[in-house]
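> Give me coordinates for this.
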Amino acid sequence: MIETPVKTYQATTMAQALAQVKRDLGRDAIIVRTRSYRKGRLWGLFGGRNIWEVSATANARPPVQSGSYSHDYAPVVKQPAAVPPTDQPAASAEMDTQVGHIRRMVEALLTMQSQSVSHTPTELQAVRDHLLKQEVQEEIVTDVVHQLSQDLTGRQMEDPRVLGESLVNRISERILTQQSGQPAVEGCRISALIGPTGVGKTTTIAKLAANHKLREGRRVGMITIDTYRIAAVDQLKIYAEIIDVPLHVVLTAGELKAAIDSMRDYDVVLIDTAGRSQYDRLRLSQLSGFMRAAQPHDVHLVMAATAGRAAMSSTLERFVQLGANSVIVTKLDEATACGSVLNIAAAGKLPISFVTTGQDVPDDIQPADARRLAKCIVEGNLNVG
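Residues are numbered from 1 along each chain as shown. Here you go, the predicted model:
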């Protein structure tokens with residue numbers, strides 16, 4: 001059999017590369033390997049071109065003409081064999097047919113794949129890949145990429161700065177935020193924190209109290225109904241002593257209302273609640289009774305950025321029924337990517353009031369800023385201005 005060299009062809013689409021193979025080696029060429037990669041990428045994120053590479057070789061068996069043979073395919077003298085020689089040509093022809101069928105099927109699938117990818121410009125494909133890497137849900141990614149394709153011309157897409165700025169704008173407009181102290185209320189502002197277990201409510205309420213007292217100069221009071229965990233009460237007492245704010249521990253809805261009434265002359269009263277599973281209807285009903293007694297202006301649903309999609313959806317659904325009107329996203333520093341903020345904003349349709357990025361009190365909490373959060377997603381890190 002004739003050994004034929006393997007040749008490599010490159011093009012911007014798989015279809016173009018396959019066309020080069022057919023033109024050079026013929027329709028019976030055998031595809032050895034395919035791959036794609038980006039070339040000329042800027043900033044390691046946007047720009048560059050997607051290159052398809054196909055390695056192929058010509059079919060090593062030349063056509064046989066009647067009455068003549070090539071030097072490499074000379075006639076073979078028949079020898080006695082266990083298998084009748086009359087069966088070999090039929091088996092060989094059947095094998096050739098099967099191989100040819102498989103080759104054409106693979107080629108057709110590769111062509112269909114390349115045509116599907118080619119509908120998305122390479123720059124937008126890079127955006128799509130980056131957002132998925134940031135764990136933004138696929139339906140949101142598809143919608144954002146579609147909007148960018150409508151917003152930008154081909155030349156604008158090739159400019160990483162223009163593309164990046166447009167992406168930040170499109171993401172930030174999807175993140176509704178509520179700045180601290182809005183909307184304004186007359187007299188004492190009552191804020192409650194609710195949410196599932198393990199999301200950091202107690203630490204978060206200490207951060208809020210410290211910011212109100214030490215940075216904004218407000219009179220702050222704290223109340224906890226989280227008597228199920230002794231450690232949580234002790235922890236909050238320590239924080240209250242350090243910040244120098246009063247702390248009331250209550251057991252019933254009546255005691256909660258009385259504690260609030262005793263601090264009506266304060267600027268802010270913060271209520272810490274026990275973590276509740278979104279599937280525990282009895283405990284959620286008890287928490288609902290406390291919220292009716294408190295009548296808070298703000299009910300912050302505290303959610304961890306590390307939560308999975310299913311837990312996030314069920315948490316939002318159940319706690320919104322308790323009156324949650326904003327979200328505090330915690331543990332953003334522990335998340336593998338920043339896209340969870342966008343997922344939470346899109347799923348709940350609630351404004352994000354604060355985000356936390358560590359354990360330090362009072363430093364690691366900031367009022368939510370849509371543009372800053374969008375930059376976190378686009379740049380893939382928390383350290384953005």
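> From now on I want contacts and neighbour counts done on CA atoms only, so please keep to that.
OK.
> So for stretch 300-318, what gets flagged as buried?
With burial defined by 16 or more other CA atoms under 10 Å, the residues of stretch 300-318 counted as buried are 300, 301, 302, 303, 304, 305, 306, 307, 312, 315, 316, 318.
> Touching, the fourth one and residue 197? I think so.
No: with contact taken as CA atoms under 8 Å, residue 303 and residue 197 are classed as non-touching, separated by 9.5 Å.
> residue ranges of the strands in the protein, please?
Here the chain has its strands, by DSSP state E, at 7-11, 30-39, 49-57, 189-194, 220-224, 247-249, 268-272, 298-304, 326-330, 352-356, 365-367.
> Pull the number of nearby residues for residue 224.
23 (other CA atoms under 10 Å).
> doesn't residue 248 make contact with it?
Yes: using CA under 8 Å as the test, residue 224 is close enough to residue 248 to be in contact (6.4 Å).
> What I need now is the strands of the chain written out in TSV, including distance to residue 240 for each item.
Shown next, in TSV, are the strands of the chain (distance: least, CA to CA, whole Å):
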stretch	distance to residue 240
strand 7-11	66
strand 30-39	55
strand 49-57	57
strand 189-194	16
strand 220-224	8
strand 247-249	6
strand 268-272	11
strand 298-304	20
strand 326-330	21
strand 352-356	19
strand 365-367	17
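> For residue 157, find the nearest of those.
Nearest to residue 157 among the strands of the chain is strand 49-57; the distance by CA to CA comes to 11.8 Å.
> what's the closest one packed up against?
strand 7-11, helix 14-25, strand 30-39, helix 122-133 (3 or more CA pairs under 8 Å, 6 or more residues apart in numbering; DSSP states H and E).
> pLDDT of stretch 14-27, averaged?
On average, the pLDDT along stretch 14-27 is 84.
> do the same with stretch 234-247
On average, stretch 234-247 scores 91.
> chain center to that stretch, what's the gap?
Distance of stretch 234-247 from its chain centroid, counting by CA atoms, centre = their mean, to the nearest Å, is 37 Å.
> and that stretch, C-alpha only, in CSV?
The C-alpha trace of stretch 234-247 is given here as CSV (Å, rounded to 0.1, in the frame of the first residue of the first chain):
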residue,chain,number,x,y,z
ASP,A,234,-23.0,34.9,72.3
GLN,A,235,-21.4,36.0,69.1
LEU,A,236,-23.8,38.8,68.6
LYS,A,237,-23.4,39.9,72.3
ILE,A,238,-19.7,40.2,71.7
TYR,A,239,-20.2,42.3,68.6
ALA,A,240,-22.7,44.5,70.4
GLU,A,241,-20.3,45.2,73.2
ILE,A,242,-17.5,46.0,70.8
ILE,A,243,-19.6,48.4,68.7
ASP,A,244,-21.3,49.7,71.9
VAL,A,245,-24.9,49.2,70.9
PRO,A,246,-27.8,47.6,72.9
LEU,A,247,-28.9,44.1,72.1
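> hmm, who's touching it?
The list of residues contacting stretch 234-247 from outside it, by CA atoms under 8 Å, 6 or more residues apart in numbering, reads 202, 203, 206, 209, 210, 213, 214, 220, 221, 222, 223, 224.
> Quick check: the two most widely separated of the residues you listed?
214 and 224 (20.6 Å).
> what ranges do the helices span in the stretch 251-385 of the chain?
All helices of the stretch 251-385 of the chain, identified by DSSP state H, counting those that start in this stretch, fall at 253-261, 281-294, 309-320, 340-348, 370-379.
> Any chance of these in CSV with distance to residue 151 and mean pLDDT as columns?
Formatted as CSV, the helices of the stretch 251-385 of the chain follow (distance: least, CA to CA, whole Å; pLDDT from 0 to 100):
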stretch, distance to residue 151, mean pLDDT
helix 253-261, 51, 95
helix 281-294, 45, 91
helix 309-320, 29, 86
helix 340-348, 20, 87
helix 370-379, 17, 92
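> circling back to that earlier point, may I see the helices and strands packed on strand 49-57 arranged in a markdown table, with mean neighbour count as well?
Putting the helices and strands packed on strand 49-57 into a markdown table (neighbours: other CA atoms under 10 Å) gives the following:
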| stretch | mean neighbour count |
| --- | --- |
| strand 7-11 | 17 |
| helix 14-25 | 19 |
| strand 30-39 | 14 |
| helix 122-133 | 19 |
